[in-house]
Structure formats: C-alpha cells, structure tokens
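Undergrad: sequence? don't have it. structure:
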DNA sequence: GTCTATACCTTGGACCGCGAGGTATGTCGC
DNA sequence: GCGACATACCTCGCGGTCCAAGGTATAGAC
C-alpha cells in the first residue's frame, strides 16, 4: 500500500500476479509457477515455495476458491477468483501502478509522470 | 537482480533511488529523505531508518564518497557518486526496468511488452 | 526556556521471499 | 520391472530488507 504510511511498499507482487492469472481462467499451482516464468519472458522466477503459501493465504482470506480435480490420473487443486479476490486484485494493481509511476518519476528527475 | 536466479527480486529500490538523486548533485541524508517524498508525489516515504544505512553501505562499497560540511552552523554529511557508484546505478536501473516490464507483461496478459 | 525543525544515527523486530527438502504418482525407455 | 524424469502438492527455516521507534545534538523562533 503505497499511499498512506506504507509498510513494506515493495511486497505483494507474487500475490498480484497470481490474482491476475486466475482472473483469466481456473489454474492450479504448478501451472501458475510456469505461467509466470513464461509470460514474464523468463524474467520472473517465482518458485513453488512462494506460490503455494500465497494460494493458501488468499483462499483463507476468501479471495480464492479451490476444488480438486483429477486430470489424466493426476490430482490437481484448481483455484478460481472470488468477487472479493477480484476487488483485491484491482486494489493491488492500482497500488502497483501508482508505485511504479512514482519510482519512474524519481528516475526521470522528479517530473511528475501523469500515470501510465 | 532479476535475470539469473534472482534472490529477493523486489529489493534494492531505496538504493536505486538514492543513487539516482546523487547522480544529479551532492546531497545529504536528511535532504534525500525529503527529496524522495517530494519527487515521488508523496507516494514513496522512505524514512531515515532506511536511508542512512543505505548511504553507509554504499560508501563502504566505494559507490559513494562523503565529506562533512558546515552550512549555517549546521553540520552535514554530503555524498557524491563515484564512478563505481555510477556503474552500479546503471545496472540497478536496467534491472528495475526489466523487472517492471516483466510485471507489466504479466498484467497485460502475457503479451511481451517491448521495453519502455 | 521551551518548542519545533534540522540533522545525524542505531536497534529490534516484522515480514516476505526463497531455496531446500519431502511425498506421491504418472510416463517413458530399456 | 526398474530407474529416471516430469508432474504436482506441500512445509520449514534461513536470510535479507525495510521500517518504526528511539536516541543525540544544535539552531532558530516565540
């Protein structure tokens, strides 16, 4: 949360990314890990040790719902975004946008960049 | 360091910002804290508890040089960027750029954004 | 003489990310 | 049938960053 007294202003990106991916379609953890790697052009490598805890926390908070599904003999846990999760995504996305703009502003020498 | 095996990929923003400000002109710690707040449009609030340790670490690494100066009866520690520090800034700035682009790519649905 | 602003600094803990490790099952080659 | 590899889930504990809180000291205002 960048705006008012921001504790740990850089955190929460994994969460944001997870919510973004699940907004499009139902996915399972292992798949998410690879999707992040792919879609970021191999730049972001957010491992399973990050993703699974994030998924559990989001579900506990009611931002995600899960259901087991067996595909080709493999048991998977698929996640979907709840309305609460969608709202959370929008907040986080806005925060990120604000933050990135602020950093860019400083890098550009203090000229206020009018949002992207 | 976003690219190869990235430990703590989101970190280092305070350092990056400090180097950016000092690249323009000599500044002292207290001044830097306020400059960040201002230039970021009050979004970034990186307190003294962050800045001073960063300045000390950068100086210890030879990225900055300091000199005491008394202005109007007030003793200040002014910092300037060394060539090593400049190089470090360029690396960090590039890393940040890459990272921000990667996150934006994911937020945009996996279409590779051709750098900004 | 007290209060506010300036200016420096350190410490403790909180939090997050992450590697490393652990379990289990399916598939492919030999 | 057996080993190696990919899939798929999970947790623990370390480590690094950030940050609030607190501490010192001087200058200027009222």
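TA: In hand now; what should we look at? Computed from a prediction, not measured in an experiment: that's the story for all the values here. Numbers count the residues shown, from 1 in each chain, chains lettered A, B, ... in the order given.
Undergrad: packing partners for the longest helix seen in chain A?
TA: When chain A is parsed with DSSP state H, its longest helix is helix A:83-107. For helix A:83-107, the packing partners by 3 or more CB pairs under 8 Å, 6 or more residues apart in numbering or on different chains; DSSP states H and E come out as helix A:13-24, helix B:13-24, helix B:29-39, helix B:83-107. C-beta here means a position set from N, CA and C on the backbone, and glycine is covered the same way.
Undergrad: Would you mind listing the buried residues in that helix?
TA: Within helix A:83-107, the residues that count as buried by 16 or more other CB atoms under 10 Å in any protein chain shown are A:85, A:88-89, A:92, A:95-96, A:98-107.
Undergrad: so how far is it off the chain centroid?
TA: Helix A:83-107 has its C-alpha centroid displaced from the chain centroid by 11 Å (CA atoms, centre = their mean, to the nearest Å).
Undergrad: Got the phi and psi for residue A:74?
TA: Phi and psi for residue A:74, reported as degrees, to the nearest 10, are phi -100, psi 130.
Undergrad: count of residues packed around it?
TA: Using other CB atoms under 10 Å in any protein chain shown, residue A:74 has 9 neighbouring residues.
Undergrad: what about it, distance to DNA strand D?
TA: Distance of residue A:74 to DNA strand D, given as CB to the nearest atom of the strand, to the nearest Å: 4 Å.
Undergrad: Quick check: bridge partners of that residue?
TA: Under DSSP bridges, the beta-bridge partners of residue A:74 are residue A:71.
Undergrad: Can you give me every residue that contacts the residue nearest to residue A:67 when sequence neighbours are not counted?
TA: Leaving aside its sequence neighbours, residue A:67 sits nearest to residue A:78 (CB to CB, 6 or more residues apart in numbering or on different chains; 5.6 Å). For residue A:78, the contacting residues are A:26-28, A:66-69, by CB atoms under 8 Å, 6 or more residues apart in numbering or on different chains.
Undergrad: Identify, from the residues you listed, the entry nearest to residue B:14.
TA: Lowest distance from residue B:14 to these (CB to CB) belongs to residue A:27, with 33.9 Å.
Undergrad: And the pLDDT at the residue in chain A positioned nearest to DNA strand C?
TA: Per CB to the nearest atom of the strand, residue A:49 is where chain A lies closest to DNA strand C, at 2.1 Å. The per-residue pLDDT reported for residue A:49 equals 96.
Undergrad: Please apply the same query to residue A:111.
TA: 68.
Undergrad: Also residue A:6?
TA: Residue A:6 is given a pLDDT of 51.
Undergrad: on that earlier part again, in the contacts of residue A:78, find the pair that's most separated.
TA: Across those (CB to CB), the longest gap, 13.9 Å, separates A:27 and A:68.
Undergrad: quick one: residue A:43 and residue B:99 touch, right?
TA: Yes. Applying CB atoms under 8 Å, one finds residue A:43 in contact with residue B:99, separated by 6.7 Å.
Undergrad: ok, and does the helix or strand encompassing residue A:69 reach over to DNA strand C?
TA: According to DSSP states H and E, residue A:69 maps onto strand A:64-71. No. Applying CB under 7 Å from any atom of the strand, one finds strand A:64-71 separated from DNA strand C by no less than 8.4 Å.
Undergrad: Ok, stretch A:79-91 next?
TA: No. If you take CB under 7 Å from any atom of the strand as the test, stretch A:79-91 misses DNA strand C, and the best it gets is 13.2 Å.
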